[in-house]
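*Asks:* My questions are about this predicted structure, shown below with the sequence.
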Amino acid sequence: MSRERRLSLALALNGALVVAQVVAGLAAGSIGLLSDAGHNLTDIAAVLTSLAAVRLAQRAPTSERSYGYHRGTILAALVNATSILAVTLFILWEGGHRLLHPQPVSGGVVVVVALAAFAINALAAFGLHEHGGTDLNMRSALVHMAGDAGASLGVAAAGAVILVTGRFLWLDPAASIVIAVLIAVEAFSLVRAAADVLLESTPRDVDLDELSGSMAELDGVEGVHDLHVWSLSSDVRALSAHVVLAGHPSLEEAQVVGDRVKSAIGRRFAIAHATLELECEPCADGDVDCAIDATVLPPAEALHGHGSGHRH
């Protein structure tokens, strides 16, 4: 099933859950259930954000956005992760307040509705799960669903204890606080991962020395420098590098070597887009095309350079 369909399924399930919680909350006169329905509206917003990003990423590149809209999924992941942190902060504040000032809880209603919410959120989370998947956008939606499923299960357990004993009212807020902390840790990890992509950091599973060495060991390559690897999205990586060729090959021979390099790194390091500058000799020291130092060059020169001294 495609990511778009799985997100649509999660959206439909959460929509049905919100309607059920509102109806049950009004029938039972429960502010807690109505508040939980409001919380689940944030899940709907998160899934809508992820779904919009998936559809946006499918658009073809344009002259204004030559790489397409792949970064939309990263922005969606960042928005979702930030919203998760905001919700968990509210839960921590409300949970702390209720620990200090316990309130009566209708254990029976809480158990029934919480178990229904757990089943729906668990089903949605299962649908969003990708075995070995690294897509931050899908992962952020999954954290929303899994977090709510865990919270609902904890609330149901606390409600069951309260229903049987008529005591331990503190279990309800305590369960919420513990689960909120666990969710916040995962949300913070998502924020860091999304920030790494937006800052064009080297992917964590890519060793630049290993990558450079694998390129340099290919026939026709003498060396590699000015190597950069970054992510356009969780699934799309790009690379740029200067490749020093052996001897003084013709343009056709140089192109063959360049294609060989792209093919090798594409398979081994999952590089989808590679831009190579082929040279017969390494860049001269201080060549601004190899290393731009904006603290030394005047603004105009740092932006435009002095012209390339490369020999291709």
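*Replies:* It's in.
*Asks:* Strand partners (parallel or antiparallel) of the longest strand along the chain?
*Replies:* Ordering each strand of the chain by length in residues (DSSP state E) puts strand 221-231 first. Strand 221-231 has these partner strands in its sheet, going by DSSP bridges: strand 237-245 (antiparallel).
*Asks:* Could you check how far the strand it pairs with is from the centre of its chain?
*Replies:* Centre-to-centre, strand 237-245 and its host chain are 26 Å apart (C-alpha atoms, centre = their mean, to the nearest Å).
*Asks:* With only the CA atoms kept, save that strand in CSV.
*Replies:* The C-alpha trace of strand 237-245 is given here as CSV (Å, rounded to 0.1, in the frame of the first residue of the first chain):
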residue,chain,number,x,y,z
ARG,A,237,20.6,12.1,-1.4
ALA,A,238,22.8,14.3,-3.4
LEU,A,239,26.6,14.6,-3.9
SER,A,240,29.1,17.0,-5.4
ALA,A,241,32.8,16.5,-5.7
HIS,A,242,35.9,17.3,-7.7
VAL,A,243,37.4,14.2,-9.3
VAL,A,244,41.0,14.2,-10.4
LEU,A,245,41.5,12.0,-13.5
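*Asks:* and the helix or strand following that strand, average pLDDT?
*Replies:* Beyond strand 237-245 on the C-terminal side, the first helix or strand identified by DSSP states H and E is helix 251-269. For helix 251-269, mean pLDDT rounds to 91.
*Asks:* who are the neighbours of helix 251-269, in terms of helices and strands?
*Replies:* Applying 3 or more C-beta pairs under 8 Å, 6 or more residues apart in numbering; DSSP states H and E, one finds that helix 251-269 makes contact with helix 208-216, strand 221-231, strand 237-245, strand 273-279. Backbone N, C-alpha and C define where each C-beta goes, glycine included.
*Asks:* Flag the shaky bits of the stretch 151-300 of the chain, pLDDT-wise.
*Replies:* Scanning the stretch 151-300 of the chain for pLDDT under 70 picks out the ranges 284-300.
*Asks:* The same query, at a cut-off of 80, please.
*Replies:* Along the stretch 151-300 of the chain, segments meeting pLDDT under 80 span 151-159, 162-163, 165-180, 182-183, 186, 234-235, 281-300.
*Asks:* Just the buried residues of the longest strand of the chain, please?
*Replies:* 221, 224, 225, 226, 227, 229, 230, 231 (16 or more other C-beta atoms under 10 Å).
*Asks:* What residue spans form the domains of the chain?
*Replies:* 3-198, 208-304 (automatic domain parsing).
*Asks:* most tightly surrounded among those?
*Replies:* domain 3-198 (a mean of 18; mean count of other C-beta atoms under 10 Å).
*Asks:* That one: end-to-end distance?
*Replies:* 22 Å (C-alpha to C-alpha, to the nearest Å).
*Asks:* And stretch 190-206, by the same measure?
*Replies:* OK, stretch 190-206 end separation, C-alpha to C-alpha: 19 Å.
*Asks:* what's it in contact with?
*Replies:* Stretch 190-206 is contacted from outside by 71, 74-75, 77-78, 80-82, 84-85, 136, 139-140, 143, 208, 228-234, 237, 269, using C-beta atoms under 8 Å, 6 or more residues apart in numbering.
*Asks:* all helices of the chain, in order?
*Replies:* 3-28, 31-57, 71-100, 107-128, 136-165, 171-198, 208-216, 251-269, 299-304 (DSSP state H).
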